[in-house]
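Asker: Sequence first, then the predicted structure:
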Amino acid sequence: MRTLHKFHGGVHPPQHKAESNGLPIAPAPLPKRVIVPLRQHIGAPAKAQVKVGDHVLKGQMIGAADGYISAAVHAPTSGTVSAIDLHAVPHPSGLPDLCITIEADGEDRWIERQRIDYKTAVPDAVRHALRDAGIVGLGGAVFPSYVKLNPGQQAKIKTLVLNGAECEPWITSDDMLMRERAAEIVEGIRIMAHLMQPDEVLIGIEDNKPEAITAMQSACQGTSFEVVAVPTLYPGGGEKQLIQVLTGKEVPSGQRPINIGVICSNTATAYTVHRAINHGEPVISRVVTVTGNVQKPQNFEALIGTPISEIVRQAGDTSHYIMGGPMMGFDLTNLNVPLTKAINCVIAASPALFPPKPAAMPCIRCGQCAQVCPCNLQPQELYWFSQSRNFDKARAYNLFDCIECGCCSYVCPSHIPLVSFYRFAKSEIVMQDREKIAADQAKERFEFKKQREEREKQEKAARMAEKAAAATAAKAAAAASGEMEDPEAAAKKAAIQAAVERAKAKKAEAAALSPSPHPSPVEGEGAKNTEPT
Amino acid sequence: MLTAILVMVLLAVVLGAVLGFASIKFKIEGNPMVEKIEATLPQTQCGQCGFAGCKPYAEAVASGQAAPNLCVPGGDNVAKSLAELLGVEFQPVGGAEGAGPKPKMVAFIDENTCIGCTACIKVCPVDAIVGSSKLMHTILINQCTGCELCVPACPVDCITMEPVKTDLAAWKWRYPVFELKKAA
Ligand code: SF4
Ligand code: SF4
C-alpha cells in the first residue's frame, strides 16, 4: 500500500455525482450541422485547410497546427463546408471566434485511417501523429499533448501521473469513461509510457468512484501501472495537488510538474491517444456530462462542434447554464455554441439547485480562505490587492499560482466573489506585460529610425560634396590639359563618377534596410569617396 | 611640523586619486531618472506632449522643464505615476476634467485611394508603414502605436484611425461588480 500525502486546505462541496453516473454513456444523435472552432486549445489557433464549398470526410484535418504550441482540428462528420467565419463559442466573454461550419451529409463517412505502430516508430513520429490528431489535455486545460509528452532537455521522467480524480462536483464524464473503456485507456497509457519511459506510472482516482477504480485495476492487471485511490477532497484533481498526494513532492511556485520529473495527464486524454495511434482516429468526439435541471442527466458521447442546444434537453425552470463544474466553470451566455474539446460538463442550473449567492459583505479578515487554499496562498491579501488594482503587489503574493479552484469563494463568510477578482487581476497583468513588450519594441524601432535618418543625412551631405569636388576636378583637368582633352571626355568621366556614387549609395541603403537593428555605420566610406580619383 | 604637512599632502593626493578613479570607473551612464520616466511612458512617439518623442519628453520632465501631465496617450495613469516618481502633486492630463488612457487605435490606409507618395512613411516614428513610391502603402498593425502622425501627412486623406477590435486573445475579465449588503 502506497503512503499518500496531503495538500494544504481543500473543501468538501456536495458531490452531486449520482445524478448522472447511473446511466451508461449514450451516443448523441448526429447533428445536421457542426461548428468547429479553430481555437480549441491553448496556444495558436489552428490554420484552416479547407475552403467554403469543399466536401470533407469524417476525421479529415480541416485546421492544421500553426506553430509549436498548437493542435489540429478535424471534421467530426462528413459533409460540405458551408462557412468559415466568426461564430459564437463557449467562452466567458461571449465573443465570437473563427469557426468552420460543416453541413453534415448524413453518411458519416470516414476518411482512410492510418494506425501507427508506436513500438517501432521513432518517438517524434508518434508525437507528430498526436499533434495532427488534435490531441489535447481533456482535463480542462486543453494543452497540446504532444508538447507535454516531449521530455526535451529534462533528463528523466520519474513519474507519469494519470489524473482520474475528477474532483469537481456534478461532473462524471471521466468516471463513466473509466468504467466503460478502462482497457482502451490503459492502451493509451502504454503509448504515453512508451514515449516518456517513466520509472513508475500512477493512476490517481478519488475514492468516491469505486466502480472506476475496480475497472481500471482489472484493466491494469499484468502491467506495472498502479491504480491509487486518493481521498475525496476538492480540488484533489488539480494537477499539482494530485502530484503532491501521490508522490509527496510539491511543484515549486511558478514551475511545472516537469521541473520535478513528473508528467500529469488526464485519463480521457489517454483514451484519445489510444484512438489516435492504434486506430488512426483524431479527436472528433468527447464524453460530456449533461446534468442538473435536465430531463435525464446522463453522459453523452457527442461530436465536437455539436451545438450545445442539441445535447441539452433542459427541464422547466432552468435559469442559466454552467459550462464545466460549479466551482471552476463559467456561465454560458448562449446555448447556440458548439461543443469543444474543453467541455466536460454542461449543467442546467435552476434557482432550486443553485440558489443565488447572498449579497457580499466587506472582508472581515477571518482567514478562512487562507485555511482552505490548496496553493498555500493568502486569498484575502490577493483580494485586497486585486480590488484596489495594486497589481504589482498581487503578483508578488503569487497571484499566478492561484488555480482558480474557488475554495476561497466557497468558504468566504462574506460571500465575496474572490475568484472573479483574481481572474480580473490576472488578465490585467497579462495585458500590461504585453503592452510593455509592445512599448519596448516601439522604442527600439523609433531609435533605429532616428539613427537611420541621421545616417542618410550624412550620406546625402557626402554625396553633395562629392559632386562639387568632381565638378571642380573636371574643370581643373580641362584647364590644365588645355585642348589635349576635350570637355566632352571630362563630362563623361564626371557622369561615370556620379553613377558609381549612385550605386554606392544604393548599397548603403540596402544595408540600412537589412533586418539587423544596428547596421555598421558607413559614414567613413562616404568621407573617403569625396576624394577625386 | 614638516612631517605633518607631508602626511596631510600625501593623504590628500591618495584620496584624490581614489576619488578620481572612482568617478571614472563607476560613472553612471545617462540619467537614471530619465530612464525611469521613459519606462513609464507608453512609447507612442506621437509628440503630443510637444517633444519629438518619448525620450526627449522624459529628459525634459527629469530636468524640470516640462510638466509630468502632458502625455495624452498615457492619460491620467501615466501622469499619476510620473507625479509619484517626481514627488510632485498629481495634475490630470489636459485640464481639470482629466483623461483616461484612450482606447487603443491603429491607423488604417484606404488602399484604393492611396497614391503611393511615401509622405506617411517619412513621418511614421516606428517604421510601421510599408510601401514604395507610386505603390500602395499599408500599415503593420502590430507595430503601429496609434500616434496619428501619419493622418495629417497624407495629401489625399486616405488614413483613418480605427479602434483595435478585442478578440478572444486580447479579451480581459472585467472588474467584478457586485452589490455590497448595506450594514443594518
Ligand atoms: S474568507 Fe472572506 S471574509 Fe474571511 S478573510 Fe477570506 S475574504 Fe475575508
Ligand atoms: S481560487 Fe486561488 S486563492 Fe482561492 S483557494 Fe483556490 S487557489 Fe487559493
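Answerer: Noted; the coordinates are in hand. Because the structure is a prediction, the values reported are computed rather than measured. Ligands and ions are numbered 1, 2, ... in the order given.
Asker: tell me what the helix or strand containing residue B:60 is packed against?
Answerer: In this assignment (DSSP states H and E), residue B:60 forms part of helix B:54-62. Identification of packing neighbours for helix B:54-62 by 3 or more C-beta pairs under 8 Å, 6 or more residues apart in numbering or on different chains; DSSP states H and E yields helix A:418-481, helix B:32-40. All C-beta atoms are positioned from the backbone trio N, CA, C, and that covers glycine.
Asker: Show residues contacting the shortest one.
Answerer: Helix B:32-40 is touched from outside by A:443, B:54, B:55, B:58, B:59, B:61, B:62, B:74, B:78, B:81, B:82, B:85, with contacts defined as C-beta atoms under 8 Å, 6 or more residues apart in numbering or on different chains.
Asker: Tell me the pLDDT of the fifth one.
Answerer: Predicted confidence (pLDDT) for residue B:59: 87.
Asker: Which residues are in contact with it?
Answerer: Applying C-beta under 8 Å, 6+ apart, we find residue B:59 in contact with B:31, B:34.
Asker: Which secondary structure state does the nearest residue in space to residue A:338 that is not next to it in sequence sit in?
Answerer: Distance criterion C-beta to C-beta, 6 or more residues apart in numbering or on different chains; nearest residue to residue A:338, sequence neighbours excluded, is residue A:35 at 4.1 Å. Under DSSP: H, G, I helix; E, B strand; the rest coil, residue A:35 falls in the strand class.
Asker: quick one: contacts for residue A:35?
Answerer: A:87, A:99, A:100, A:101, A:102, A:305, A:307, A:338.
Asker: Format the helices and strands packed on helix B:54-62 as a markdown table; extra columns: mean neighbour count.
Answerer: Shown next, in a markdown table, are those (neighbours: other C-beta atoms under 10 Å in any protein chain shown):
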| stretch | mean neighbour count |
| --- | --- |
| helix A:418-481 | 16 |
| helix B:32-40 | 17 |
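Asker: so where is the stretch 51-200 of chain A shaky, pLDDT-wise?
Answerer: In the predicted model, the stretch 51-200 of chain A carries pLDDT under 70 at residues A:153-155.
Asker: coming back round to it: averaged pLDDT, the very next helix or strand once past the helix holding residue B:60. What do you get?
Answerer: Remark: after helix B:54-62, the chain's next helix or strand is helix B:75-86, criterion DSSP H and E. For helix B:75-86, mean pLDDT rounds to 84.
Asker: sorry, back to before: can you tell me which of the contacts of residue A:35 are buried?
Answerer: For the contacts of residue A:35, a burial check counting by 16 or more other C-beta atoms under 10 Å in any protein chain shown picks out A:87, A:99, A:100, A:101, A:102, A:305, A:307, A:338.
Asker: The last one pairs with what?
Answerer: Translated: residue A:338. On the basis of DSSP bridges, residue A:338 is bridged to residue A:307.
Asker: So the residue nearest to residue A:338 versus chain B, what's the distance?
Answerer: Computed as C-beta to the nearest C-beta, to the nearest Å, the residue A:35 to chain B distance reads 15 Å.
Asker: if I look at that residue, how far off is residue A:305?
Answerer: 5 Å (C-beta to C-beta, to the nearest Å).
Asker: Quick check: neighbours shared by the two?
Answerer: With contacts taken as C-beta under 8 Å, 6+ apart, residue A:35 and residue A:305 have A:102, A:338 as neighbours in common.
Asker: what about residue A:407, how many neighbours?
Answerer: Residue A:407 is flanked by 26 other residues according to other C-beta atoms under 10 Å in any protein chain shown.
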